[in-house]
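# show me the folded form of this:
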Amino acid sequence: MNNGSKDYQRISRRVVLGRTALALGAIATAAAVSPAVAQQKISQEEAKYQGTPKGNQHCDGCVNFEAPNGCKFVQGEVNPNGWCQLFYPKG
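Take a look at the predicted model:
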């Protein structure tokens, strides 16, 4: 019975090590893919971009705005006084 217990412990260690290796591989793959996905931008149409503000909301008041006329998530030039549905206020 003692021998069976040792075999069980060995199998458990193998399973744990195998699963750990798979998890680390998945993490490495996700880390390699994430920057590429993060760099993709959506069209102005998809973002529902407009060249005018929406009330007090305007591009240069958004955390995603990149001066002088860019956005982290929207393709092309954006008007600092424009707006899109991805607006998120600074601070």
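# can you count the residues close to the residue nearest to residue 50 when sequence neighbours are not counted?
Using CB to CB, 6 or more residues apart in numbering and skipping the chain neighbours, the partner closest in space to residue 50 is residue 83 (5.6 Å). For every residue, glycine as well, the C-beta is placed using N, CA and C. For residue 83, the neighbour count with other CB atoms under 10 Å is 23.
# against residue 91, how distant is residue 43?
Noted for residue 43: a distance of 28 Å to residue 91, by CB to CB, to the nearest Å.
# the two: which is more packed in?
residue 43 (10 against 4).
# in space, what's closest to the more buried one - neighbours in sequence excluded?
Residue 43's closest residue in space is residue 75 (CB to CB, 6+ apart), at 5.5 Å.
# the one you found: what's it in contact with?
Neighbouring residues of residue 75 by CB atoms under 8 Å, 6 or more residues apart in numbering: 41, 42, 43, 44.
# most surrounded residue in the residues you listed?
residue 44 (18 neighbours).
# next up, phi/psi of it, please.
Residue 44 adopts backbone torsions of phi -60, psi -40, taken as degrees, to the nearest 10.
# what ranges does this structure have for its strands?
65-66, 70-71 (DSSP state E).
# name the surrounding residues that touch the first one.
Pointing back at strand 65-66 there. Contacts for strand 65-66 (CB under 8 Å, 6+ apart): 59, 71, 72, 78, 80.
# quick one: the helices in the chain?
Counting by DSSP state H, the chain has helices at residues 2-39.
# ok, residue 80 - contacts?
Residue 80 touches 58, 59, 60, 65, 67, 68, 69, counting by CB under 8 Å, 6+ apart.
# wait, doesn't the second one sit right on residue 88?
Going back to what we said before, that points to residue 59. No: with contact defined as CB atoms under 8 Å, residue 59 and residue 88 do not form a contacting pair (11.0 Å).
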